[in-house]
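Novice: no FASTA, just this:
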Ligand SMILES: Nc1nc2c(ncn2[C@@H]2O[C@H](COP(=O)(O)OP(=O)(O)OP(=O)(O)O)[C@@H](O)[C@H]2O)c(=O)[nH]1
């Protein structure tokens, strides 16, 4: 009996090595018209925790694995995917991810600056929150700069969350970032988080910060249910959160947006980022670069046309200095 295309699944696609290696011989792919949309909220060891029927009474987490037909494409937290198989969400139920929807943004990193192999760590987020302590530990501007570069490269809006204001004032650090126009919020032990909540409202925000800056404290205050969500993930993966390098998406109370905690992301390898990716975030200077700079200008040499652009009053010196600081931060590690 003839089968309808929608009855096929990835096991029906015969994958045989072709003449040029392991490319599938056939281009016929099952359509999976009955697949269900889901959001990937955690990833660990080949298991994906997905939320289906989000926002309805039937909302439930479903554990899934990737279907073979996805090939080498990685699935990351924040991805919108299509699922087939057992979607009951029961303890032993396992669904299959058959499709990854096009991403609106991709936060990437390279393993380190000399290794150009890049990987996506979070998809579809629109804001990158750089969590930095004002003291204990001391702020690390170079790491903040590198995280900003990653945000601009990903097309995400940056936000500075400056914690521990009860230990040191924010003025010096805020002044350093003023020319970049990066919005900031200041928090302190036991303080009110209304302003931060305002920035997170209705958005998908990734939180990045190195150990000890108070990121877990913020996450737990923003999402009172966070520990329970973490223990659910641990039950699926059998591992503790901090041994995992995967991000974790948590919904804010009252469906006020999502935060994505990134316990394993403590630095950014930026080998994949070009000067164009960075300067694109500086409209006033990008225009000058297009008009005045020689091809392949890295904007750090004497022949860079941006100095003349600033001298003619099209942008401020502080903006150009800040851009150059970020361009230099692309190179070398997080320290120094
Ligand atoms: N004084 C002060 N201490 C804070 C504040 N926020 C967090 N802390 C303390 O700073 C320490 C580190 O906080 P965490 O929330 O665990 O920091 P983290 O960034 O999640 O660090 P890791 O768990 O190592 O990734 C804890 O002892 C917190 O109690 C703050 O606003 N003021």
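Specialist: Good, I have the coordinates. Model, not experiment: these values are computed from the prediction.

Novice: where along the stretch 201-336 of the chain do the helices fall?
Specialist: Secondary structure of the stretch 201-336 of the chain by DSSP state H, counting those that start in this stretch: the helices cover 215-222, 226-237, 275-279, 283-292, 306-311, 317-329.

Novice: Can you add mean pLDDT and give these back as CSV?
Specialist: Shown next, in CSV, are the helices of the stretch 201-336 of the chain (pLDDT from 0 to 100):
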stretch, mean pLDDT
helix 215-222, 94
helix 226-237, 61
helix 275-279, 89
helix 283-292, 95
helix 306-311, 97
helix 317-329, 93
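
Novice: who wins for proximity to the ligand among those helices?
Specialist: For the ligand, the closest of those is helix 215-222, at 3.1 Å, according to C-beta to the nearest ligand atom. Any C-beta I mention is one placed from the backbone N, CA and C, and that applies to glycine too.

Novice: Give me the distance from that closest one to the chain's centre.
Specialist: In terms of C-alpha atoms, centre = their mean, to the nearest Å, the centre of helix 215-222 is found 18 Å from the chain centre.

Novice: and what of stretch 179-189?
Specialist: 19 Å.

Novice: Just the residues contacting that stretch, thanks.
Specialist: 134, 148, 158-166, 170, 174, 177, 193, 195-196, 199, 214, 218, 316, 318-319, 321-322, 326 (C-beta atoms under 8 Å, 6 or more residues apart in numbering).

Novice: returning to that earlier point: residue 257: which of the helices of the stretch 201-336 of the chain is closest?
Specialist: helix 215-222 (9.6 Å; C-beta to C-beta).

Novice: The closest one - contacts with which helices or strands?
Specialist: Using 3 or more C-beta pairs under 8 Å, 6 or more residues apart in numbering; DSSP states H and E, the elements in contact with helix 215-222 are strand 157-163, helix 194-200, strand 204-208, helix 226-237, strand 258-261.

Novice: The second one near the ligand at all?
Specialist: No - Helix 194-200 stays clear of the ligand (C-beta under 6 Å from any ligand atom), getting no nearer than 11.7 Å.

Novice: pLDDT of that helix, averaged?
Specialist: Taken as a whole, helix 194-200 has a mean pLDDT of 98.

Novice: And it, what's buried?
Specialist: 196, 197, 199, 200 (16 or more other C-beta atoms under 10 Å).

Novice: who's in contact with the last one?
Specialist: By that I understand residue 200. Contact analysis of residue 200 by C-beta under 8 Å, 6+ apart lists 127, 129, 222, 252, 256, 257, 259.
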